[in-house]
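# Predicted structure and sequence below. I'll ask about it afterward.
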Amino acid sequence: MNPFEKEFNFKNGFPKFEVDPDKNEEILNSILHYEKDSINHPKTQNKKWHSITKTSNIVLLAACFLIIFGALFGMIYYQSASLYKEDKILSDINVAIEKPRILLIPHYFEKSGIKDQKDAYLLLENYYSGSALNEIKEFWEVNNTKEVVYEKDIEGTIVEFSMGALNDAEDIRVEKIQNNNRRINYYDVHLKKEITLDCELVAKKWLIYAIRIQ
Amino acid sequence: MENKEIIREWYSLYANDVYNYLVYYLNNTDAEDILQEVFIKAMHSLDRFQGKSHPKTWLIQIARNIAIDQSRRNKRFTDILKHINKTESHLSVEKSLIDNEEVLELYQYINKLSPKYREIVILKGILELNTKEIAIVTGYKENNINLTFHRAKQKLKDFYFGRSVIKNESI
């Protein structure tokens, strides 16, 4: 009986409540088990902070990915778009027109370093494909042993067009044909003939796959 | 000693004191879950316990904070429940375990005191904590605790011995 209870003249004081002995062990185990869990997992506050930082990291990471991929796709798109610009097409084709001259004009051929048909083929392969490559290659195989005379040996053949150049051409027109390919029409001032070239894009370079001289 | 060992020891020594406090404070014998919560919280905060107060006082302080939260939650819940059922559901100490009529009557009066008076009476009168311990648990000044206890006791005596009608909200 404590002084407070005595002041109220109690015969018995306030009861003392105790945890049910059967539950005691269970409660203690729960507490200690909870501690094990909490060792493996951060505290709630940390969890919250962790989740905030985690979320912001994910957002940041996603933003970075978006920017990187955006820039990458933008660059690829820009590059691929620039491949179809007329300047690029005409520049590639102009070089392609000039290359067979190395094989056809003895003066250039001697200085070219081309020793056999394989070298010649490799040279042509970089600028021609399809029927154009075959025709120029055949012409080379027939004529590589003799001195080429323009009027006699080249006129009327498919390689005649390489005697001219886009620099000397007039009325150059680039038109789109099937499969993103391009057709270039021009009037060759040197040959005084209309030339038509069908071109395709291979490994970021425009190759000639068909030639027509009118 | 590891935290686990300390908590195990404290549980064996002070679990009943904390439980006793919770039962009287919450007026509910179903306080085992909160008791468990108190010790879990104590375990988490053990590194911050500097030993300036007695462990029992510290544990009761934690219990008080949880009990206050619990009371707020219960109030909301019982308000809703009253709205629905017009009945109270929890197992109160008044109804269940105090079979001594005079003690029960005084406890009923205590429960009708203002929260501060009630708390001081429970801590000092029933649980027999000294003024310094109560100051640590509640954060009130020692002088204020003594004065409050004196006034609360006076009120209780007036009503208990005088059988005056006591209002629910406060004295």
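Structure received.
# List, one by one, the residues from chain A near chain B.
A:2, A:4-5, A:7-8, A:10-20, A:23-24, A:27-28, A:30-32, A:34-35, A:38, A:43 (Cβ under 8 Å from any Cβ of the partner chain). Using the backbone N, CA and C atoms, a C-beta is placed for each residue, glycine as well.
# Helices - which of these land there?
A:4-5, A:7, A:23-24, A:27-28, A:30-32, A:34-35, A:38 (DSSP state H).
# Make a PyMOL selection of whichever of those turn out to be buried.
The PyMOL selection below is limited to those of these classed as buried (16 or more other Cβ atoms under 10 Å in any protein chain shown):
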select buried, chain A and resi 4+5+24+27+28+30+31+32+34+35
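# Pick out the most distant pair among the ones in helices among the residues of chain A next to chain B.
Pairwise distances across those (Cβ to Cβ) peak at 45.3 Å, for the pair A:Glu7 and A:Ser38.
# of all of chain B, which residue lies closest to chain A?
At 3.6 Å from chain A, B:Gly125 is the closest residue in chain B, using Cβ to the nearest Cβ.
# A:Thr196: neighbour count?
Number of residues near A:Thr196 (other Cβ atoms under 10 Å in any protein chain shown) recorded here: 15.
# for B:Ile6, that is, sorry about that
Counted with other Cβ under 10 Å, B:Ile6 comes out at 15.
# near chain A, which residues of chain B show up?
Checking chain B against chain A by Cβ under 8 Å from any Cβ, the hits are B:3-4, B:7-8, B:11, B:15-16, B:19-20, B:23-24, B:29, B:32, B:35-36, B:39-40, B:43-44, B:93, B:97-98, B:100, B:102-103, B:106-107, B:121, B:124-126, B:128, B:153, B:156-157, B:160.
# Which members of those are classed as buried?
Buried by 16+ other Cβ under 10 Å: B:7-8, B:11, B:15-16, B:19-20, B:23-24, B:29, B:32, B:35-36, B:39-40, B:43-44, B:93, B:98, B:100, B:103, B:106-107, B:121, B:124-126, B:153, B:156, B:160, out of the residues of chain B next to chain A.
# circling back to that earlier point, relative to B:Tyr11, how far out is the nearest residue to the residue of chain B closest to chain A once chain neighbours are set aside?
Nearest non-adjacent residue to B:Gly125, counting by Cβ to Cβ, 6 or more residues apart in numbering or on different chains: A:Phe4, 3.6 Å away. Look at A:Phe4 and B:Tyr11: by Cβ to Cβ, to the nearest Å, they are 28 Å apart.
# got it, and B:Asp69?
21 Å.
# ok, now A:Leu104?
102 Å.
# Check A:Ala169 too.
From A:Ala169 over to B:Tyr11 (counting by Cβ to Cβ), the distance is 99 Å.
# and what of B:Asn143?
On the measure of Cβ to Cβ, B:Asn143 and B:Tyr11 end up 34 Å apart.
# what does B:Leu104 give?
Distance from B:Leu104 to B:Tyr11, by Cβ to Cβ: 30 Å.
# With B:Glu119 instead?
24 Å.
# Same question for B:Ser45.
15 Å.
# Next: A:Tyr187.
Distance from A:Tyr187 to B:Tyr11, by Cβ to Cβ: 103 Å.
# Enumerate every residue touching the residue of chain A found nearest chain B.
Per Cβ to the nearest Cβ, A:Phe4 is where chain A lies closest to chain B, at 3.6 Å. Shown here is A:Phe4, whose contacts under the criterion Cβ atoms under 8 Å, 6 or more residues apart in numbering or on different chains are B:121, B:124-126, B:128, B:153.
# Between which two of these is the distance greatest?
Farthest pair in the contacts of A:Phe4, by Cβ to Cβ: B:Glu128 and B:Lys153, 14.0 Å.
# picking that back up, just send the ones in helices among the residues of chain A next to chain B back as CSV, with pLDDT and distance to A:Ala203 too.
Below are those laid out as CSV (pLDDT from 0 to 100; distance: Cβ to Cβ, whole Å):
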residue, pLDDT, distance to A:Ala203
A:Phe4, 88, 98
A:Glu5, 86, 100
A:Glu7, 87, 104
A:Lys23, 85, 79
A:Asn24, 85, 81
A:Ile27, 88, 75
A:Leu28, 87, 75
A:Ser30, 87, 70
A:Ile31, 87, 71
A:Leu32, 84, 69
A:Tyr34, 75, 65
A:Glu35, 57, 66
A:Ser38, 55, 61
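# Return the member of the ones in helices among the residues of chain A next to chain B nearest to A:Lys176.
Nearest to A:Lys176, judged by Cβ to Cβ, of these is A:Ser38 at 69.0 Å.
# Skipping its backbone neighbours, what lies nearest the spatially most central residue of chain B in space?
Central residue of chain B (Cα atoms, centre = their mean): B:Tyr25, 2.6 Å from the mean position. Spatial nearest neighbour of B:Tyr25, chain neighbours left out: B:Ala67 (5.0 Å); criterion: Cβ to Cβ, 6+ apart.
# Go ahead and confirm B:Val38 touches B:Ala63.
Yes: using Cβ atoms under 8 Å, B:Val38 is in contact with B:Ala63, at 4.6 Å.
# Now do the shared contacts for the two.
B:18, B:22.
# Which residue ranges make up each domain of chain A?
A:22-83, A:86-213 (automatic domain parsing).
# Would you single out the least confident of those?
Lowest mean pLDDT within these: domain A:22-83, a mean of 77.
# where along chain B do the helices fall?
B:3-26, B:32-45, B:55-85, B:93-96, B:101-111, B:115-120, B:131-138, B:142-162.
# mean pLDDT lowest for which of those?
Among the helices of chain B, helix B:93-96 scores lowest, with a mean of 63.
# Just give me the neighbour total for the closest residue in space to B:Asn16 that isn't next to it in sequence.
The shortest distance from B:Asn16 to any non-neighbouring residue, by Cβ to Cβ, 6+ apart, is to A:Glu18 (4.7 Å). Counted by other Cβ under 10 Å, the residues lying close to A:Glu18 total 13.
# Appreciated, that's everything.
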